[in-house]
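Q: next comes the sequence, and after it the predicted model I'd like to discuss.
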Number of protein chains: 2
Amino acid sequence: MSDLGSVVFYTIERAIKTYRQFAQRRLVAAGSTLTVDQWLVLNVLEEEPGIQQGLVAELVFKDKASIARMVDLLVRTELVERKVPASDRRSVSLRLTRKGKRELVGITPVVEDYRKRALKGVKAGDIVALQGTLNRIMANCDE
Amino acid sequence: MSDLGSVVFYTIERAIKTYRQFAQRRLVAAGSTLTVDQWLVLNVLEEEPGIQQGLVAELVFKDKASIARMVDLLVRTELVERKVPASDRRSVSLRLTRKGKRELVGITPVVEDYRKRALKGVKAGDIVALQGTLNRIMANCDE
DNA sequence: GATAGTACAATGATATATCAATTGATGATG
DNA sequence: CATCATCAATTGATATATCATTGTACTATC
(Lines give C-alpha, C1' and ligand atoms only; values in the text may rest on other atoms or scores of the structure.)
Protein backbone atom coordinates (compact mmCIF):
# COMPACT_ATOMS: atom_id res chain seq x y z
CA MET A 1 0.00 0.00 0.00
CA SER A 2 2.85 2.32 0.77
CA ASP A 3 4.12 1.55 -2.68
CA LEU A 4 0.78 2.08 -4.31
CA GLY A 5 0.34 5.22 -2.27
CA SER A 6 3.54 6.71 -3.59
CA VAL A 7 2.50 6.08 -7.17
CA VAL A 8 -1.18 6.85 -7.22
CA PHE A 9 -0.82 10.62 -7.13
CA TYR A 10 1.68 10.43 -9.88
CA THR A 11 -0.79 8.41 -11.93
CA ILE A 12 -3.53 10.93 -11.36
CA GLU A 13 -1.28 13.79 -12.44
CA ARG A 14 -0.15 11.91 -15.47
CA ALA A 15 -3.70 11.03 -16.45
CA ILE A 16 -5.08 14.52 -16.22
CA LYS A 17 -2.07 15.93 -18.02
CA THR A 18 -2.36 13.37 -20.79
CA TYR A 19 -6.02 14.17 -21.14
CA ARG A 20 -5.42 17.91 -21.26
CA GLN A 21 -2.78 17.53 -23.93
CA PHE A 22 -5.14 15.32 -25.90
CA ALA A 23 -7.93 17.87 -25.54
CA GLN A 24 -5.65 20.72 -26.56
CA ARG A 25 -4.47 18.87 -29.64
CA ARG A 26 -8.08 18.29 -30.60
CA LEU A 27 -8.95 21.94 -30.19
CA VAL A 28 -6.01 22.99 -32.32
CA ALA A 29 -6.85 20.37 -34.92
CA ALA A 30 -10.37 21.78 -35.05
CA GLY A 31 -8.90 25.17 -35.87
CA SER A 32 -9.55 26.78 -32.51
CA THR A 33 -7.11 29.06 -30.78
CA LEU A 34 -8.77 28.55 -27.41
CA THR A 35 -7.01 26.82 -24.59
CA VAL A 36 -8.87 24.15 -22.66
CA ASP A 37 -9.17 26.50 -19.71
CA GLN A 38 -10.52 29.30 -21.82
CA TRP A 39 -13.16 26.97 -23.18
CA LEU A 40 -14.15 26.11 -19.64
CA VAL A 41 -14.64 29.76 -18.78
CA LEU A 42 -16.63 30.47 -21.91
CA ASN A 43 -18.81 27.52 -21.06
CA VAL A 44 -19.55 28.91 -17.62
CA LEU A 45 -20.46 32.28 -19.10
CA GLU A 46 -22.82 30.59 -21.50
CA GLU A 47 -24.62 28.90 -18.65
CA GLU A 48 -24.50 31.83 -16.23
CA PRO A 49 -24.62 35.04 -18.21
CA GLY A 50 -23.80 38.12 -16.17
CA ILE A 51 -21.90 36.14 -13.55
CA GLN A 52 -19.12 37.87 -11.65
CA GLN A 53 -15.49 36.85 -11.76
CA GLY A 54 -15.13 35.46 -8.29
CA LEU A 55 -17.98 33.07 -8.92
CA VAL A 56 -16.45 31.90 -12.16
CA ALA A 57 -13.27 31.17 -10.24
CA GLU A 58 -15.18 29.00 -7.80
CA LEU A 59 -17.08 27.18 -10.49
CA VAL A 60 -14.02 26.23 -12.48
CA PHE A 61 -11.95 25.69 -9.34
CA LYS A 62 -9.32 28.22 -10.23
CA ASP A 63 -7.68 31.13 -8.51
CA LYS A 64 -9.35 34.53 -8.75
CA ALA A 65 -6.14 36.00 -10.06
CA SER A 66 -5.95 33.39 -12.79
CA ILE A 67 -9.51 34.12 -13.83
CA ALA A 68 -8.86 37.85 -13.88
CA ARG A 69 -6.00 37.29 -16.30
CA MET A 70 -7.88 34.81 -18.42
CA VAL A 71 -10.75 37.25 -18.70
CA ASP A 72 -8.28 39.93 -19.72
CA LEU A 73 -7.28 37.74 -22.61
CA LEU A 74 -10.82 36.82 -23.54
CA VAL A 75 -11.81 40.45 -23.51
CA ARG A 76 -8.83 41.33 -25.66
CA THR A 77 -9.83 38.68 -28.16
CA GLU A 78 -13.39 39.98 -28.01
CA LEU A 79 -14.95 36.75 -26.86
CA VAL A 80 -16.12 38.17 -23.54
CA GLU A 81 -17.51 41.48 -22.27
CA ARG A 82 -16.83 43.01 -18.87
CA LYS A 83 -19.42 45.36 -17.41
CA VAL A 84 -19.51 47.06 -14.04
CA PRO A 85 -23.03 46.95 -12.64
CA ALA A 86 -24.25 50.12 -10.93
CA SER A 87 -25.58 48.06 -8.05
CA ASP A 88 -22.08 47.11 -6.92
CA ARG A 89 -19.25 48.92 -8.57
CA ARG A 90 -16.64 46.65 -7.06
CA SER A 91 -17.78 43.69 -9.10
CA VAL A 92 -17.77 42.97 -12.79
CA SER A 93 -20.44 41.23 -14.80
CA LEU A 94 -19.20 38.90 -17.50
CA ARG A 95 -20.95 37.70 -20.60
CA LEU A 96 -20.14 36.24 -23.96
CA THR A 97 -20.02 38.48 -26.95
CA ARG A 98 -21.64 37.40 -30.18
CA LYS A 99 -18.22 36.25 -31.32
CA GLY A 100 -17.75 34.35 -28.08
CA LYS A 101 -21.02 32.53 -28.52
CA ARG A 102 -20.16 31.62 -32.06
CA GLU A 103 -16.78 30.27 -31.00
CA LEU A 104 -18.35 28.26 -28.20
CA VAL A 105 -21.06 26.78 -30.38
CA GLY A 106 -18.53 25.82 -33.00
CA ILE A 107 -16.25 24.08 -30.57
CA THR A 108 -18.75 22.30 -28.34
CA PRO A 109 -19.16 19.23 -30.56
CA VAL A 110 -15.38 18.91 -30.66
CA VAL A 111 -15.30 18.89 -26.88
CA GLU A 112 -18.06 16.35 -26.64
CA ASP A 113 -16.29 14.17 -29.12
CA TYR A 114 -12.94 14.11 -27.39
CA ARG A 115 -14.53 13.53 -24.03
CA LYS A 116 -16.32 10.54 -25.42
CA ARG A 117 -13.13 9.22 -27.00
CA ALA A 118 -11.19 9.66 -23.78
CA LEU A 119 -13.76 7.56 -21.95
CA LYS A 120 -14.07 4.82 -24.53
CA GLY A 121 -14.40 1.47 -22.82
CA VAL A 122 -14.73 2.99 -19.38
CA LYS A 123 -17.84 1.72 -17.65
CA ALA A 124 -20.23 4.00 -15.80
CA GLY A 125 -19.48 2.03 -12.66
CA ASP A 126 -15.77 2.68 -13.07
CA ILE A 127 -16.44 6.39 -13.20
CA VAL A 128 -18.62 6.29 -10.13
CA ALA A 129 -15.95 4.37 -8.26
CA LEU A 130 -13.25 6.76 -9.41
CA GLN A 131 -15.22 9.75 -8.30
CA GLY A 132 -15.88 8.14 -4.97
CA THR A 133 -12.20 7.53 -4.37
CA LEU A 134 -11.23 11.00 -5.49
CA ASN A 135 -13.88 12.55 -3.29
CA ARG A 136 -12.51 10.65 -0.38
CA ILE A 137 -9.02 11.92 -1.10
CA MET A 138 -10.29 15.48 -1.40
CA ALA A 139 -12.09 15.20 1.90
CA ASN A 140 -8.89 13.97 3.49
CA CYS A 141 -7.04 16.97 2.10
CA ASP A 142 -9.50 19.53 3.43
CA GLU A 143 -8.29 20.25 6.90
CA MET B 1 -22.96 8.67 -18.83
CA SER B 2 -22.76 11.83 -20.87
CA ASP B 3 -23.40 13.71 -17.68
CA LEU B 4 -20.88 11.74 -15.72
CA GLY B 5 -18.44 12.08 -18.57
CA SER B 6 -18.64 15.84 -18.50
CA VAL B 7 -17.92 15.92 -14.79
CA VAL B 8 -15.32 13.25 -14.30
CA PHE B 9 -12.41 15.21 -15.75
CA TYR B 10 -13.36 18.13 -13.63
CA THR B 11 -13.33 15.88 -10.58
CA ILE B 12 -9.90 14.56 -11.45
CA GLU B 13 -8.54 18.09 -11.86
CA ARG B 14 -10.09 19.19 -8.65
CA ALA B 15 -8.76 16.20 -6.77
CA ILE B 16 -5.18 16.55 -7.90
CA LYS B 17 -5.27 20.29 -7.29
CA THR B 18 -6.69 19.83 -3.83
CA TYR B 19 -4.02 17.29 -3.07
CA ARG B 20 -1.23 19.52 -4.35
CA GLN B 21 -2.42 22.42 -2.26
CA PHE B 22 -2.62 20.15 0.74
CA ALA B 23 0.88 18.89 0.10
CA GLN B 24 2.24 22.39 -0.36
CA ARG B 25 0.67 23.58 2.88
CA ARG B 26 2.30 20.65 4.66
CA LEU B 27 5.69 21.45 3.21
CA VAL B 28 5.41 25.07 4.24
CA ALA B 29 4.20 24.08 7.68
CA ALA B 30 7.25 21.87 8.02
CA GLY B 31 9.45 24.88 7.33
CA SER B 32 10.45 23.92 3.82
CA THR B 33 10.70 26.38 0.98
CA LEU B 34 10.50 23.63 -1.62
CA THR B 35 7.60 23.33 -3.97
CA VAL B 36 6.02 19.93 -4.48
CA ASP B 37 7.54 19.75 -7.94
CA GLN B 38 10.98 20.63 -6.67
CA TRP B 39 10.71 17.86 -4.12
CA LEU B 40 9.83 15.44 -6.90
CA VAL B 41 12.94 16.39 -8.83
CA LEU B 42 15.19 16.14 -5.81
CA ASN B 43 13.75 12.72 -5.17
CA VAL B 44 14.63 11.56 -8.65
CA LEU B 45 18.17 12.85 -8.26
CA GLU B 46 18.51 10.96 -5.01
CA GLU B 47 17.51 7.75 -6.72
CA GLU B 48 19.40 8.33 -9.97
CA PRO B 49 22.49 10.37 -9.19
CA GLY B 50 24.20 11.72 -12.28
CA ILE B 51 21.06 11.48 -14.39
CA GLN B 52 20.64 13.89 -17.28
CA GLN B 53 17.89 16.47 -17.55
CA GLY B 54 15.87 14.95 -20.33
CA LEU B 55 15.55 11.74 -18.39
CA VAL B 56 14.40 13.59 -15.30
CA ALA B 57 11.72 15.21 -17.43
CA GLU B 58 10.49 11.82 -18.57
CA LEU B 59 10.53 10.35 -15.10
CA VAL B 60 8.48 13.13 -13.53
CA PHE B 61 6.33 13.51 -16.65
CA LYS B 62 7.19 17.13 -17.20
CA ASP B 63 8.37 19.20 -20.08
CA LYS B 64 12.10 19.41 -20.68
CA ALA B 65 11.87 23.18 -20.63
CA SER B 66 10.16 23.11 -17.27
CA ILE B 67 12.85 20.88 -15.87
CA ALA B 68 15.56 23.12 -17.23
CA ARG B 69 14.06 26.05 -15.36
CA MET B 70 13.44 24.11 -12.21
CA VAL B 71 17.03 22.95 -12.22
CA ASP B 72 18.13 26.57 -12.68
CA LEU B 73 16.33 27.36 -9.46
CA LEU B 74 17.64 24.34 -7.61
CA VAL B 75 21.17 25.18 -8.69
CA ARG B 76 20.71 28.78 -7.58
CA THR B 77 19.52 27.60 -4.18
CA GLU B 78 22.47 25.20 -4.08
CA LEU B 79 20.42 22.05 -3.74
CA VAL B 80 21.57 20.60 -7.06
CA GLU B 81 24.77 20.51 -9.07
CA ARG B 82 25.02 20.61 -12.84
CA LYS B 83 28.04 19.04 -14.49
CA VAL B 84 28.85 18.59 -18.13
CA PRO B 85 30.39 15.17 -18.66
CA ALA B 86 33.35 14.97 -21.02
CA SER B 87 31.79 11.95 -22.69
CA ASP B 88 28.94 14.01 -24.12
CA ARG B 89 29.24 17.73 -23.80
CA ARG B 90 25.69 18.37 -24.94
CA SER B 91 24.24 16.76 -21.85
CA VAL B 92 24.33 17.73 -18.22
CA SER B 93 24.70 15.44 -15.29
CA LEU B 94 22.64 16.34 -12.24
CA ARG B 95 23.17 15.41 -8.64
CA LEU B 96 22.19 16.58 -5.21
CA THR B 97 24.57 18.72 -3.24
CA ARG B 98 25.15 17.98 0.40
CA LYS B 99 22.62 20.67 1.18
CA GLY B 100 20.15 19.11 -1.24
CA LYS B 101 20.52 15.72 0.43
CA ARG B 102 19.98 17.24 3.82
CA GLU B 103 16.86 19.04 2.64
CA LEU B 104 15.48 15.90 1.07
CA VAL B 105 16.15 13.72 4.10
CA GLY B 106 14.50 16.27 6.34
CA ILE B 107 11.40 16.53 4.26
CA THR B 108 10.83 12.92 3.29
CA PRO B 109 8.94 11.94 6.45
CA VAL B 110 6.68 14.94 5.92
CA VAL B 111 5.90 13.73 2.43
CA GLU B 112 5.23 10.20 3.60
CA ASP B 113 2.96 11.52 6.28
CA TYR B 114 0.79 13.67 4.06
CA ARG B 115 0.53 10.97 1.45
CA LYS B 116 -0.73 8.61 4.10
CA ARG B 117 -3.20 11.18 5.38
CA ALA B 118 -4.52 11.87 1.90
CA LEU B 119 -5.22 8.18 1.43
CA LYS B 120 -6.80 7.55 4.79
CA GLY B 121 -9.75 5.19 4.40
CA VAL B 122 -8.97 4.44 0.79
CA LYS B 123 -8.70 0.71 0.24
CA ALA B 124 -5.91 -0.87 -1.76
CA GLY B 125 -8.54 -2.22 -4.12
CA ASP B 126 -9.89 1.27 -4.71
CA ILE B 127 -6.45 2.43 -5.72
CA VAL B 128 -5.96 -0.47 -8.06
CA ALA B 129 -9.32 0.25 -9.66
CA LEU B 130 -8.57 3.95 -9.93
CA GLN B 131 -5.26 3.28 -11.60
CA GLY B 132 -6.92 0.89 -13.99
CA THR B 133 -9.48 3.45 -15.03
CA LEU B 134 -6.92 6.20 -15.38
CA ASN B 135 -4.65 3.96 -17.41
CA ARG B 136 -7.51 3.26 -19.74
CA ILE B 137 -8.18 6.96 -20.17
CA MET B 138 -4.50 7.63 -20.84
CA ALA B 139 -4.43 4.87 -23.43
CA ASN B 140 -7.44 6.44 -25.11
CA CYS B 141 -5.69 9.79 -25.19
CA ASP B 142 -2.51 8.47 -26.80
CA GLU B 143 -3.17 8.61 -30.48
C1' DG C 1 37.48 14.75 -42.78
C1' DA C 2 33.40 17.85 -44.56
C1' DT C 3 28.51 17.73 -44.39
C1' DA C 4 23.88 16.49 -43.07
C1' DG C 5 21.04 14.98 -39.81
C1' DT C 6 20.06 14.28 -35.02
C1' DA C 7 20.28 14.82 -29.96
C1' DC C 8 20.42 17.72 -25.64
C1' DA C 9 19.74 21.72 -23.53
C1' DA C 10 18.74 26.82 -23.18
C1' DT C 11 15.83 30.58 -24.21
C1' DG C 12 11.80 33.41 -25.64
C1' DA C 13 6.93 33.95 -25.71
C1' DT C 14 2.62 33.13 -23.82
C1' DA C 15 -0.72 30.95 -20.52
C1' DT C 16 -1.78 29.47 -16.05
C1' DA C 17 -1.16 28.89 -10.58
C1' DT C 18 -0.43 30.98 -6.27
C1' DC C 19 0.45 34.22 -2.72
C1' DA C 20 0.72 38.89 -1.18
C1' DA C 21 -0.29 43.52 -1.45
C1' DT C 22 -3.14 47.09 -3.16
C1' DT C 23 -7.12 49.75 -4.76
C1' DG C 24 -11.70 51.10 -4.79
C1' DA C 25 -16.35 50.39 -3.13
C1' DT C 26 -19.59 48.92 0.24
C1' DG C 27 -21.57 48.13 4.72
C1' DA C 28 -21.55 48.21 9.68
C1' DT C 29 -20.68 50.56 13.96
C1' DG C 30 -19.83 53.92 16.81
C1' DC D 1 -21.80 60.70 9.17
C1' DA D 2 -16.95 59.35 9.88
C1' DT D 3 -14.30 55.46 10.47
C1' DC D 4 -13.19 50.73 9.99
C1' DA D 5 -13.68 46.23 8.41
C1' DT D 6 -14.80 43.66 4.59
C1' DC D 7 -15.26 42.57 -0.14
C1' DA D 8 -14.26 42.32 -5.42
C1' DA D 9 -11.00 42.82 -8.43
C1' DT D 10 -6.34 44.06 -10.06
C1' DT D 11 -1.47 43.83 -9.97
C1' DG D 12 3.27 42.19 -8.82
C1' DA D 13 6.31 38.48 -8.04
C1' DT D 14 7.54 33.90 -8.69
C1' DA D 15 6.82 29.06 -10.34
C1' DT D 16 5.31 25.98 -13.76
C1' DA D 17 3.47 24.33 -18.71
C1' DT D 18 3.97 24.39 -23.52
C1' DC D 19 5.55 25.41 -28.02
C1' DA D 20 8.91 27.07 -31.13
C1' DT D 21 13.45 28.45 -31.99
C1' DT D 22 18.21 28.45 -31.42
C1' DG D 23 22.83 26.80 -30.26
C1' DT D 24 26.05 23.43 -29.58
C1' DA D 25 27.77 18.92 -29.85
C1' DC D 26 27.64 14.37 -31.58
C1' DT D 27 27.15 10.72 -35.40
C1' DA D 28 26.72 8.69 -39.72
C1' DT D 29 27.59 8.85 -44.41
C1' DC D 30 29.90 9.92 -48.17
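A: Now that the structure is in, tell me what you want to look at.

Q: which one is the most centrally placed residue in chain A nearest to, not counting chain neighbours?
A: Among the residues of chain A, the one closest to the centroid is A:Leu40, at 3.5 Å (Cα atoms, centre = their mean). Spatial nearest neighbour of A:Leu40, excluding adjacent residues (Cβ to Cβ, 6 or more residues apart in numbering or on different chains): A:Val60 at 5.1 Å. Where you see a C-beta, it was placed from the backbone N, CA and C, and this is true even at glycine.

Q: please apply the same query to A:Val41.
A: Of all residues not flanking A:Val41 in the chain, A:Met70 sits nearest, at 5.8 Å (Cβ to Cβ, 6+ apart).

Q: ok, now which ones touch the one you found?
A: A:Met70 is in contact with A:Asp37, A:Gln38, A:Val41, A:Lys62, counting by Cβ atoms under 8 Å, 6 or more residues apart in numbering or on different chains.

Q: ok, it to A:Val60 distance?
A: Applying Cβ to Cβ, to the nearest Å, the value for A:Met70 to A:Val60 is 9 Å.

Q: joint contacts of these two?
A: With Cβ under 8 Å, 6+ apart, A:Met70 and A:Val60 have common neighbours A:Asp37, A:Val41.

Q: so for the strand or helix carrying A:Glu103, what gets flagged as buried?
A: Taking DSSP states H and E as the definition, one finds A:Glu103 inside helix A:98-118. Neighbour-count burial for helix A:98-118 flags A:Gly100, A:Glu103, A:Leu104, A:Ile107, A:Val110, A:Val111, A:Tyr114, A:Arg115, A:Ala118 (criterion: 16 or more other Cβ atoms under 10 Å in any protein chain shown).

Q: just stretch A:16-34 next, same as before
A: Neighbour-count burial for stretch A:16-34 [16+ other Cβ under 10 Å]: A:Ile16, A:Thr18, A:Tyr19, A:Arg20, A:Phe22, A:Ala23, A:Gln24, A:Arg26, A:Leu27, A:Ser32, A:Leu34.
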